[in-house]
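*Asks:* Need coordinates for the following:
(chains A and B)
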There are 2 protein chains.
Amino acid sequence: MSLSFTEKWNQATRRNNSLVCVGLDADPAQLPASVRAKADPVLYFNQQIIDVTCDLVCCYKPNFAFYSALGADGFATLKRTLDHIPADIPVLIDAKVGDIGNVAAQYARAFYELLGGDALTVTPYMGADCVAPFTAYKDRTTFLVCLTSNRGADDFQKDPLGDRPLYEQVVAKARAWNAANNIGLVVGATQPAGLARVRALAPDMPLLIPGIGAQSGDIAAAVKNGCDSRGAGILINSSRGILYASPGSDFAAAARQATLALRDAINAHRP
Amino acid sequence: MSLSFTEKWNQATRRNNSLVCVGLDADPAQLPASVRAKADPVLYFNQQIIDVTCDLVCCYKPNFAFYSALGADGFATLKRTLDHIPADIPVLIDAKVGDIGNVAAQYARAFYELLGGDALTVTPYMGADCVAPFTAYKDRTTFLVCLTSNRGADDFQKDPLGDRPLYEQVVAKARAWNAANNIGLVVGATQPAGLARVRALAPDMPLLIPGIGAQSGDIAAAVKNGCDSRGAGILINSSRGILYASPGSDFAAAARQATLALRDAINAHRP
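*Replies:* Numbers count the residues shown, from 1 in each chain, chains lettered A, B, ... in the order given. Prediction:
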């Protein structure tokens, strides 16, 4: 019997003593020359990255955009990448989809069935009936976009919706929709106060935290404000900081070093 | 020199005297048996639908979810479908993507460059920097999700954000971001009052209006409340009502009849 996202993730977190999620977001233009010469450069690159990091992470997170941009071969490259990930490390597919029920069911089929993702990011702003087709997969975890790491988070997410900011309304709905206990939230590391607020409102929900590294979020604050009462419950994502730790043919060794350094920097702040 | 979305769309609207957009959202499980026997059932079905409707529509709108759900062949099926659409009918790819800048750039590459879409739906709630990579393609039109046709529109979109509902805030931002005059809005036909309000706030923006047919939106109200001062400026989408007009081998003739009937029903209400 296969494990749920929650089980796989908790086990990987403990086994690897790690809150690190590696974002598998390879841009072909940024790969080392030695990799670009391969038949499927992104697949080869991903396999190397996975091989040198799989004892150091709690999750992998491919962003679907990077595979869409590969054109007709992208889906197969993503599938083969996921096939290479050890079965005891969960996969969170980052696609931020959100659409009406019959459309959402098609995305659920693509990401949860065909690709076999353990978790998925979903944009919740179209409401309950657009989220339900994903949470219907009870053993998967659906992460709702809540408070993002970019500057544009100010445009809508932090404005007051009724008597609280929109992102807090997302937390409230996420709790209301969480009958199967399989909803998580996406909160950027660049939002330390918002992160603390979300954790206070949702003490037990898994939080996916992007925004460290290239986006300059603060690791100490992310850990301090994001962790649950067990000193865990978060996935701190790094993509570019690990994938491109070295531009040369030593990229894999450099990626391992960067992952190790990130894991230890995070763990230094865990309670 | 190729035409912009706006030019193609205005010309097709006039040439075909039509505000109808056909949603190319074929679900393999719902195709007639005669079609399911083909090598690429969805491609064959789409080609038949396009052949019998291309003199009756102003746009085609494939929803990316349905092609993702085809797995490794989906992207190629979508590309071949788009290649079959006459060059003088624009293509609006419905993907409702929304992510940070470097990710959005990958989606723009997939949908605007590799697939050659003339327009795209984008989820705006992550803010300005997540929309800008799409509007940077000045000859394409980026349609922002504003007020959707489903019940879940009540969960966030209609709640007051500051002194106005969230969907009105989306209209205000869309206007502010519209320097290149290439932003449109998605407003469901099931929201007649909201549609009138959006049109009042954005007199000249193209409005994509889903939600008639299977979702029971009112055509008369959609036309009356949605049209601009020229009696045009809207795309009324129908997917299931046209694709599945007949479950049998006469699906194409039935689809043509349904498209013709919808075009005429819409035109009867144009000022």
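*Asks:* and the residue nearest to residue A:244 when sequence neighbours are not counted, how many neighbours?
*Replies:* Excluding the flanking residues, the one nearest residue A:244 by Cβ to Cβ, 6 or more residues apart in numbering or on different chains is residue A:30, at 6.0 Å. All C-beta atoms are positioned from the backbone trio N, CA, C, and that covers glycine. Using other Cβ atoms under 10 Å in any protein chain shown, residue A:30 has 14 neighbouring residues.
*Asks:* Could you report the pLDDT at residue A:30?
*Replies:* Looking at residue A:30, its pLDDT is 96.
*Asks:* and if you look at the one 10 residues further on?
*Replies:* Among the per-residue scores, residue A:40 shows a pLDDT of 98.
*Asks:* Just list the residues touching it, thanks.
*Replies:* Residues near residue A:40 by Cβ atoms under 8 Å, 6 or more residues apart in numbering or on different chains: A:73, A:77, A:80.
*Asks:* Give the next helix or strand downstream of the host helix or strand of the second one.
*Replies:* With elements taken from DSSP states H and E, the one containing residue A:77 is helix A:74-84. Beyond helix A:74-84 in the direction of the C-terminus, DSSP H and E gives the next helix or strand as strand A:92-97.
*Asks:* what about the residue nearest to residue A:244, distance to chain B?
*Replies:* To chain B, residue A:30 is 10 Å away according to Cβ to the nearest Cβ, to the nearest Å.
*Asks:* How about residue A:128?
*Replies:* Separation of residue A:128 from chain B (Cβ to the nearest Cβ): 5 Å.
*Asks:* shouldn't that residue be in contact with residue B:151?
*Replies:* Yes: Residue A:128 lies in contact with residue B:151 (Cβ atoms under 8 Å); the separation is 7.5 Å.
*Asks:* what are the phi and psi values for residue A:63?
*Replies:* phi -90, psi 120 (degrees, to the nearest 10).
*Asks:* State the number of residues packed around it.
*Replies:* By other Cβ under 10 Å, neighbour count at residue A:63 equals 27.
*Asks:* For it, list each beta-bridge partner.
*Replies:* residue A:94 (DSSP bridges).
*Asks:* residue in the stretch 1-150 of chain A nearest to chain B?
*Replies:* residue A:127 (1.9 Å; Cβ to the nearest Cβ).
*Asks:* Kindly apply the preceding question to the stretch 151-271 of chain A instead.
*Replies:* residue A:152 (1.9 Å).
*Asks:* And the helices in chain A, which stretches?
*Replies:* A:5-15, A:33-36, A:41-53, A:64-68, A:74-84, A:101-108, A:128-135, A:166-176, A:192-201, A:219-226, A:240-243, A:251-267 (DSSP state H).
*Asks:* which one of those helices has the most crowded surroundings?
*Replies:* helix A:64-68 (a mean of 27; mean count of other Cβ atoms under 10 Å in any protein chain shown).
*Asks:* circling back: the helix holding residue A:77 to helix B:74-84, inter-axis angle?
*Replies:* Interaxial angle of helix A:74-84 relative to helix B:74-84 (axes from the mean of the first three to the mean of the last three Cα atoms, to 10 degrees): 180 degrees.
*Asks:* So which elements touch helix A:74-84?
*Replies:* With contacts defined as 3 or more Cβ pairs under 8 Å, 6 or more residues apart in numbering or on different chains; DSSP states H and E, helix A:74-84 has these neighbours: helix A:41-53, helix A:64-68, helix B:74-84.
*Asks:* Might you list the low-confidence residue ranges for chain A?
*Replies:* Applying pLDDT under 70 to chain A flags the ranges A:1, A:214.
*Asks:* how about 80 then?
*Replies:* Applying pLDDT under 80 to chain A picks out residues A:1, A:161-162, A:213-216.
*Asks:* Quick test: name the residue nearest the centre of it.
*Replies:* In chain A, the C-alpha nearest the mean C-alpha coordinate belongs to residue A:61, at 4.7 Å (Cα atoms, centre = their mean).
*Asks:* any idea how far the nearest residue to residue A:75 once chain neighbours are set aside lies from residue B:160?
*Replies:* Excluding its sequence neighbours, the residue lying closest to residue A:75 (Cβ to Cβ, 6+ apart) is residue B:72, at 4.7 Å. For residue B:72, the distance to residue B:160 equals 45 Å [Cβ to Cβ, to the nearest Å].
*Asks:* Ok, residue A:270 next?
*Replies:* Note on residue A:270: its distance to residue B:160, by Cβ to Cβ, is 40 Å.
*Asks:* Same check on residue A:221?
*Replies:* In terms of Cβ to Cβ, residue A:221 sits 31 Å off from residue B:160.
*Asks:* Now do the same contact list for residue A:12.
*Replies:* Residues in contact with residue A:12 (Cβ under 8 Å, 6+ apart) are A:18, A:57-59, A:88-90.
*Asks:* That should have said residue A:58, apologies.
*Replies:* For residue A:58, the contacting residues are A:9, A:12-13, A:16, A:18-21, A:89-90, A:235, by Cβ under 8 Å, 6+ apart.
*Asks:* can you rerun that using 10 Å?
*Replies:* Going by Cβ atoms under 10 Å, 6 or more residues apart in numbering or on different chains, residue A:58 touches A:8-22, A:89-90, A:232, A:234-236, A:263.
*Asks:* And the closest residue to residue A:129 other than its chain neighbours, how far from residue B:188?
*Replies:* Leaving out its chain neighbours, the residue that sits closest to residue A:129 by Cβ to Cβ, 6+ apart is residue B:152, at 4.5 Å. According to Cβ to Cβ, residue B:152 stands 11 Å off from residue B:188.
*Asks:* Spell out which residues are contacts of both of the two.
*Replies:* Shared contacts of residue B:152 and residue B:188 (Cβ under 10 Å, 6+ apart): residue A:100.
*Asks:* neighbours around the residue lying closest to residue A:10 once chain neighbours are set aside, how many?
*Replies:* Leaving aside its sequence neighbours, residue A:10 sits nearest to residue A:232 (Cβ to Cβ, 6+ apart; 7.7 Å). Burial of residue A:232 is recorded as 19 neighbouring residues (other Cβ under 10 Å).
*Asks:* next one: residue A:162
*Replies:* Counted with other Cβ under 10 Å, the neighbours of residue A:162 add up to 12.
*Asks:* Would you enumerate the residues in contact with it?
*Replies:* Residue A:162 sits next to A:168-169, A:172, B:159-161 when contact means Cβ under 10 Å, 6+ apart.
*Asks:* and it, backbone torsions?
*Replies:* Main-chain dihedrals, residue A:162, degrees, to the nearest 10: phi 60, psi -120.
*Asks:* Residue A:174 contacts residue A:181, doesn't it?
*Replies:* No: look at residue A:174 against residue A:181 with Cβ atoms under 10 Å: they stay out of range, at 11.4 Å.
*Asks:* quick one: common contacting residues for the two?
*Replies:* Taking Cβ under 10 Å, 6+ apart as the contact rule, residue A:174 and residue A:181 both touch A:135, A:205.
*Asks:* residues in contact with the residue nearest to the centre of chain A?
*Replies:* A:21-25, A:90-94, A:117, A:119, A:121, A:143, A:208, A:210, A:235, A:237-239.
*Asks:* Filter these down to the ones in strands?
*Replies:* A:21-23, A:92-94, A:119, A:121, A:143, A:208, A:235, A:237-238 (DSSP state E).
*Asks:* which of the residues you listed are buried?
*Replies:* Among the ones in strands among the contacts of residue A:61, those classed as buried by neighbour count (16 or more other Cβ atoms under 10 Å in any protein chain shown) are A:21-23, A:92-94, A:119, A:121, A:143, A:208, A:235, A:237-238.
*Asks:* Much appreciated, bye for now.
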